[in-house]
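[1] sharing a model that was predicted from the sequence below.
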2 protein chains.
Amino acid sequence: MPTAEQIADTVHRYIGLLAKGSADDIAALYADDATVEDPVGGEVHIGRQAIRGFYSAVENAEKDCELVTLRVAGNEAAFQFRLTVKSGDGGMVIEPIDVMAFDEDGKVAAMKAYWSAENVSSL
Amino acid sequence: MPTAEQIADTVHRYIGLLAKGSADDIAALYADDATVEDPVGGEVHIGRQAIRGFYSAVENAEKDCELVTLRVAGNEAAFQFRLTVKSGDGGMVIEPIDVMAFDEDGKVAAMKAYWSAENVSSL
């Protein structure tokens, strides 16, 4: 199983890729049969191809992303971050708490994102 | 299913009871067959009686507890909080991120606490 350092590294890489990476780069962090539920209560995207599609929706937007808090425990991580998506003169800021479970190869096996409209603000 | 307001109320009640409530009070927030994994990767406490036993270990300590961040999504909540446990002239501060899933009656069906020794500091 991955060490706490490997899990933390992957979370930091994810945050960096959310800002500046491609949907392919992000999808490569996930296991083949991984699941993404973002937000929790919404559609569950199953498998790397569906996950790639999910991230491709905002791939070309101008974004910034900052890790706020990270907790690693067992083979999982919970972390709060701040994602800024710019659009013309404005844009939006969203501040979710995400949870990721990791498989034995250190790939993300499941991601769940906790946020609602309350956690989105305008720039 | 519980509303977002009901879920938020229960999280606030949990934080208050962690500071000043009894193990019985806290266990009453949980469903009969609920599970608690605190920290993630450790033993899973199954059922309200086992959960009561888990909380009774620190029931009589002098504590303070403060909610830092709360995210409610679907039938779940993720929240960061700061628990201070006093002991003589010293004590410790622990800052986990917890995730709770709620059942149709608004009881906590599952709790997972994300923290490690890195997130504990001395007073």
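    That came in fine, so what should we check first? Numbers count the residues shown, from 1 in each chain, chains lettered A, B, ... in the order given.
[2] what does chain A put close to chain B?
    Within chain A, the positions lying close to chain B (Cβ under 8 Å from any Cβ of the partner chain) are A:4, A:39-42, A:69, A:71-80, A:96-97, A:99, A:112-116, A:118-119. No exception for glycine: its C-beta is placed from N, CA and C like everyone else's.
[3] send the alpha carbons of stretch A:65-85 over as CSV?
    Provided in CSV are the C-alpha atoms of stretch A:65-85 (Å, rounded to 0.1, in the frame of the first residue of the first chain):
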residue,chain,number,x,y,z
CYS,A,65,-6.0,25.9,-7.1
GLU,A,66,-4.6,26.0,-3.6
LEU,A,67,-4.5,23.3,-0.9
VAL,A,68,-5.9,24.5,2.4
THR,A,69,-5.8,21.5,4.7
LEU,A,70,-4.7,17.9,4.2
ARG,A,71,-5.3,14.9,6.5
VAL,A,72,-3.9,11.5,5.6
ALA,A,73,-5.1,8.4,7.5
GLY,A,74,-4.8,4.7,6.5
ASN,A,75,-5.0,4.5,2.7
GLU,A,76,-7.2,7.6,2.5
ALA,A,77,-6.9,11.4,2.4
ALA,A,78,-9.3,14.2,3.2
PHE,A,79,-8.4,17.7,2.1
GLN,A,80,-9.9,21.1,1.7
PHE,A,81,-8.9,23.3,-1.2
ARG,A,82,-9.8,26.5,-3.0
LEU,A,83,-10.4,26.3,-6.8
THR,A,84,-10.7,29.6,-8.7
VAL,A,85,-12.1,29.5,-12.2
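[4] pull out the buried residues from it.
    Neighbour counts over stretch A:65-85 (16 or more other Cβ atoms under 10 Å in any protein chain shown) mark A:65, A:67, A:69-81, A:83-85 as buried.
[5] run through the residues that contact A:Ala113.
    The contact partners of A:Ala113, taken as Cβ atoms under 8 Å, 6 or more residues apart in numbering or on different chains, are A:36-40, A:96-98, B:73.
[6] the same query, at a cut-off of 10 Å, please.
    Contacts were defined as Cβ atoms under 10 Å, 6 or more residues apart in numbering or on different chains; by that measure A:Ala113 touches A:36-40, A:42, A:81, A:94, A:96-100, B:71, B:73, B:78.
[7] what about the residue nearest the centre of chain A, which helix or strand?
    Residue closest to the average C-alpha location in chain A (Cα atoms, centre = their mean): A:Tyr14, at 6.1 Å. Taking DSSP states H and E as the criterion, A:Tyr14 maps to helix A:4-20.
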